[in-house]
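1. what follows is a predicted protein model with its sequence.
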Amino acid sequence: MAYDVIIVGAGISGLLSALALSKNGKKCLIIEKNEYVGGLARSYDVEGYKVDVGPHTITALKDGPLVTLMNNYFDIVPQFIPHGNYRVRSHNGISNFPWALKEWMLFDILPRKDRLFLVQAISRGIALTLSDANSLNISVHDFMSDLPVSSRTLKFINSVCYFLSGRNAKETPVWRILRGSGYVEEAHHGFREHFSRFIKLARHKGSHNQGYPRGGVESIVKSAEYSLPETLVDIKLGETVSNIHVEDGHVTGVGTSENNWDASSVVYSGYTKDLPKLTSDLPSSYLENLKRIKQTKALAIWLGLSSKFHEFDYRGSEIWFEEGKPCWAMPTTSFDPALAPKDKKLVGFAFIVENDLKKEHRRALDTIYATLPNIERHVEMEHTQVAVPEKAAATIDCYFPSVKSPINGLYLVGTDTNNNSMGITRASYSVLDCLRFMKKDRIL
């Protein structure tokens, strides 16, 4: 059977690409090495609890890229529960994460003078975006080096860096913090838009534009899969693409251990750094750049808790920075109680893996039990996951390749081809980029 486009990989990037292309009349084949679709945007049952592959929150739900794709192509749109506040947990209790100027000044988890220095640093970063944005491609550590803040504040900053980039303050660029926290949007141009950045510092509303999908993150995948036109999309599961065929600089199809499939366009949604394993037709300079892609491994620990455990009785999530390893904690049953047995709670704890996995796992558990000393006697289920949450980490010397590859007809989608936002939102940005390039190339 002839196909217009072959999509390599049925993760969320591949599914969204196939959905948009098929709704534009293209005959598509999706080839997935696993026996399931969704990739990391997947949920599954563990002892009566439904866990996601790592905690998720979906950003930019007002007018972001996922919303654009859902509005244009989904037959059924999943329901999103507003995220609520991000919180910071310390020995002194829990405080809402500060976004606006006044909130920073009242953020008494940190010393008063340090709060002034942090506001100064944010303002200086915003000012630099108006004159020399390239100067923000330095590490947060170096950017803060002339500010005499306490070790406690440095630890807090480091935890925020891990949360937004997956790397520590020495590797996280300043632009990632400003963009990831919503102070700066890449698309801003002109005096009025630049001025609005300072207005945002004064009036930032934080996570009001974020949410969690009812039914778990798989609900997004199920909605996308349901919306695929049956007559225009075929899916092959359990089949691994071993070669991308190229002739005279133009893609002609793909090969697997079982079949060869012809198409004049291929959308590759796997790890871009693995692309050289599939074709020898990439320029040497491009190959060198692909080596600059860096990844981060994450550890997620899911705990099913008894009804008598009274922490996390809110919608939102927490950042921890005091005990042990930096942590992001998210109680998914606060958004959807159906993710756990009746009256039980489900909380996901996310950590970055930097060393030996066994040691990191032990240290992560120690962090949980030291931060919440009463939690251990309420644990009824424990489940551990290890994954690469995004295919490229935003670091000071990172490389994000264009969606349009050097090979004609070969396009790349996924979280290593766009550095805006995180997770499913970032993947959605890449799909919209792909559609724009394909329209420019007159494929659509």
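-> Sure, I can see it.

2. alpha carbons only for contacts and neighbour counts from here, please
-> Fine.

3. burial count for residue 109?
-> Residue 109 is flanked by 18 other residues according to other C-alpha atoms under 10 Å.

4. got the domain boundaries for the protein?
-> 5-41+216-292+399-440, 98-203 (automatic domain parsing).

5. for the record, mean pLDDT for the shortest one?
-> Domain 98-203 shows a mean pLDDT of 85.

6. to the chain's geometric centre, what's the distance from that domain?
-> What separates the centre of domain 98-203 from the centre of its chain is 20 Å, taken as C-alpha atoms, centre = their mean, to the nearest Å.

7. now do the end-to-end distance for it.
-> 11 Å (C-alpha to C-alpha, to the nearest Å).

8. hmm, who's touching stretch 343-359?
-> 49, 54-55, 162, 166, 296-307, 325-334, 337, 339-340, 360, 364 (C-alpha atoms under 8 Å, 6 or more residues apart in numbering).

9. tell me the mean pLDDT for it?
-> Rounded mean pLDDT across stretch 343-359 is 96.

10. and that stretch, how far apart are its ends?
-> 33 Å.

11. got the phi and psi for residue 250?
-> Main-chain torsions, residue 250, degrees, to the nearest 10: phi -130, psi 140.

12. thinking again about what came up before, out of the domains of the chain, the one nearest residue 371 is which?
-> domain 98-203 (14.9 Å; C-alpha to C-alpha).

13. helices and strands of the chain: which one bottoms out on pLDDT?
-> Counting by mean pLDDT, DSSP states H and E, the chain has its least confident helix or strand at helix 190-203, which shows a mean of 59.

14. may I see the buried residues of the next helix or strand after that one?
-> Next in sequence after helix 190-203, counting helices and strands by DSSP states H and E, comes strand 211-213. Of the residues in strand 211-213, those buried by neighbour count under the rule 16 or more other C-alpha atoms under 10 Å are 211-213.

15. turn those residues into JSON lines, including pLDDT.
-> Conversion of those to JSON lines gives the following (pLDDT from 0 to 100):
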{"residue": "211", "pLDDT": "97"}
{"residue": "212", "pLDDT": "98"}
{"residue": "213", "pLDDT": "98"}
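
16. run through who's touching the host helix or strand of residue 162.
-> For residue 162, the host element (DSSP H and E) is helix 151-165. Identification of contacts with helix 151-165 by C-alpha under 8 Å, 6+ apart yields 110-111, 114, 167-169, 172, 176-177, 180, 319-322, 326-328, 352, 393-395, 422.

17. mind giving me the ChimeraX command for buried ones among the residues you listed?
-> For the buried members of the contacts of helix 151-165, the matching ChimeraX selection, counting by 16+ other C-alpha under 10 Å, is:
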select :110,114,167,168,169,172,176,177,180,319,320,321,322,326,327,328,352,393,394,395,422
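
18. regarding the chain, what is its longest helix?
-> helix 112-131 (DSSP state H).

19. can I get whichever helix or strand comes after that helix as CSV, trimmed to CA atoms?
-> For helix 112-131, the succeeding helix or strand toward the C-terminus, using DSSP H and E, is helix 140-143. Output in CSV follows, covering the C-alpha atoms of helix 140-143 (Å, rounded to 0.1, in the frame of the first residue of the first chain):
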residue,chain,number,x,y,z
VAL,A,140,22.2,30.5,36.4
HIS,A,141,25.1,29.9,38.7
ASP,A,142,27.4,32.3,36.8
PHE,A,143,24.6,34.9,36.4
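
20. report the buried residues of helix 140-143.
-> Buried-residue list, helix 140-143, by 16+ other C-alpha under 10 Å: 140-141, 143.

21. what does that helix rub up against?
-> Here helix 140-143 has contacts from 169-174, using C-alpha under 8 Å, 6+ apart.

22. adding distance to residue 276 and secondary structure, write the residues you listed out as a markdown table.
-> Below are the contacts of helix 140-143 laid out as a markdown table (distance: C-alpha to C-alpha, whole Å; DSSP: H, G, I helix; E, B strand; the rest coil):
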| residue | distance to residue 276 | secondary structure |
| --- | --- | --- |
| 169 | 31 | coil |
| 170 | 30 | coil |
| 171 | 26 | coil |
| 172 | 27 | coil |
| 173 | 28 | strand |
| 174 | 31 | helix |
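
23. show me which of the residues you listed is closest to residue 369.
-> residue 169 (25.5 Å).

24. the closest one and residue 152, how far apart?
-> With C-alpha to C-alpha as the criterion, residue 169 and residue 152 are 14 Å apart.

25. do the same with residue 23
-> Taking C-alpha to C-alpha, one finds residue 23 at 52 Å from residue 152.

26. ok, the two, which is more surrounded?
-> Taking neighbours as other C-alpha under 10 Å, residue 23 and residue 152 compare with residue 23 leading, 18 against 15.

27. if you skip the residues just before and after it, what's nearest to the more buried one?
-> residue 73 (6.7 Å; C-alpha to C-alpha, 6 or more residues apart in numbering).
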